[in-house]
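*Asks:* quick one, what's the 3D model for this:
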Amino acid sequence: MKHADYDNFLNKELKDTEIAAEYLNAALEGGSIPELLIALRNVAQAHGISELSSVTKLNRQALYKMLSDKGNPTLGSLLVLLKAVGLHLIFTPLQDKAA
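*Replies:* All right, here's what the predicted structure looks like:
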């Protein structure tokens, strides 16, 4: 599969909120902040950065910067972005690793 074909496939899939949630959860479980930021950027790009900029009232440059490899989004910006793509942040207790 060509790179462009994969990008188109990923963009189509990540528009589905259930798939996007699973994708972000998998990235989060990896424990790497850069990995999570890449996943967030992919979800945002699937929904269109320009459209998200308009909906979130965050300018495009701010979105690109916060979702870059060295990005550091504030909790407020993250929550606004997640809401704009149809997701929300929840907390669950850690499971005992011995179980």
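*Asks:* looking at Ala46 now. What's its pLDDT?
*Replies:* As predicted, Ala46 sits at a pLDDT of 95.
*Asks:* residue ranges with poor pLDDT in this protein?
*Replies:* Applying pLDDT under 70 to the chain picks out residues 1-2, 96-99.
*Asks:* distance of the residue nearest to Arg41 when sequence neighbours are not counted relative to Gln95?
*Replies:* By the measure of CB to CB, 6 or more residues apart in numbering, the closest residue to Arg41 outside its immediate chain neighbours is Leu67, 3.9 Å from it. Where C-beta positions appear, they are placed from N, C-alpha and C, glycine not excepted. Note on Leu67: its distance to Gln95, by CB to CB, to the nearest Å, is 29 Å.
*Asks:* residues in contact with the spatially most central residue of the chain?
*Replies:* Centroid-nearest residue in the chain: Leu40, 1.9 Å away (criterion: CA atoms, centre = their mean). By CB atoms under 8 Å, 6 or more residues apart in numbering, the contact set of Leu40 is 24, 27, 67, 73, 78, 81.
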